[in-house]
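Trainee: What follows is a predicted structure for the sequence shown.
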Amino acid sequence: MNLLILVVDDEPDVEILFRQQFRRDLRSGRFTMEFAQSAPDALQRIADAGDAALILILSDINMPGMSGLELLPHAKAARPDVPIIMITAYGDAETKRKALEGGAETLLTKPIDFGTLRSEIETRIEGDA
């Protein structure tokens, strides 16, 4: 089964960074990553994934147009089974509260601690196995 992680961020270099951090996993086929540069693009990819094994959505909060916090309820409605981790450069208490109340699993701050993120991904892979 093809396990899919969707990363939503308007910064193009995020894709390069994630592909570098997870290159072994991606090469070995443990999971695949898709990248969306806007919330509407992410919603389209979620819809297109259908019954694919989407195991995790990682979304930046601050994006032009629809923010990650605005994306959250739409993504949860489309795929209530998929945990969503929000990513922000501003890890203040109010942002964290809004994200968690909106249904986010957790909130990671930039720069991303890839060790923590890897643990979150491993948890999802084991849970899906």
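Mentor: Great, that's in hand. Numbering: from 1, shown residues only.
Trainee: Which strand in the chain has the most residues?
Mentor: Scanning the chain for the longest strand, with DSSP state E as the assignment, gives strand 53-60.
Trainee: and the helix or strand hosting Ser119, average pLDDT?
Mentor: Using DSSP states H and E, Ser119 maps to helix 114-128. The pLDDT scores in helix 114-128 average 90.
Trainee: same check, this time on stretch 28-40
Mentor: For stretch 28-40, the mean per-residue pLDDT is 96.
Trainee: now stretch 68-81
Mentor: Mean pLDDT, stretch 68-81: 95.
Trainee: Show me how far that stretch is from its chain's centre.
Mentor: 11 Å (Cα atoms, centre = their mean, to the nearest Å).
Trainee: what do you get for stretch 7-22?
Mentor: Remark: stretch 7-22 is offset 11 Å from the chain centroid, using Cα atoms, centre = their mean.
Trainee: Bridge partners for the residue nearest to Thr106 when sequence neighbours are not counted, pull those for me.
Mentor: In space, and not counting its chain neighbours, Thr106 is closest to Ile85: 5.5 Å by Cβ to Cβ, 6 or more residues apart in numbering. Heads up, the C-betas are built off the backbone N, CA and C, glycines and all. Ile85 forms beta bridges with Leu58, Thr106, as assigned by DSSP bridges.
Trainee: Next up, the contacts around Ile85.
Mentor: Leu56, Ile57, Leu58, Ser59, Ala104, Glu105, Thr106, Leu107, Leu108, Leu117, Glu120 (Cβ atoms under 8 Å, 6 or more residues apart in numbering).
Trainee: do Met66 as well
Mentor: Ser38, Ala39, Pro40.
Trainee: Is it in a helix, a strand, or coil?
Mentor: Here Met66 is recorded as coil under DSSP: H, G, I helix; E, B strand; the rest coil.
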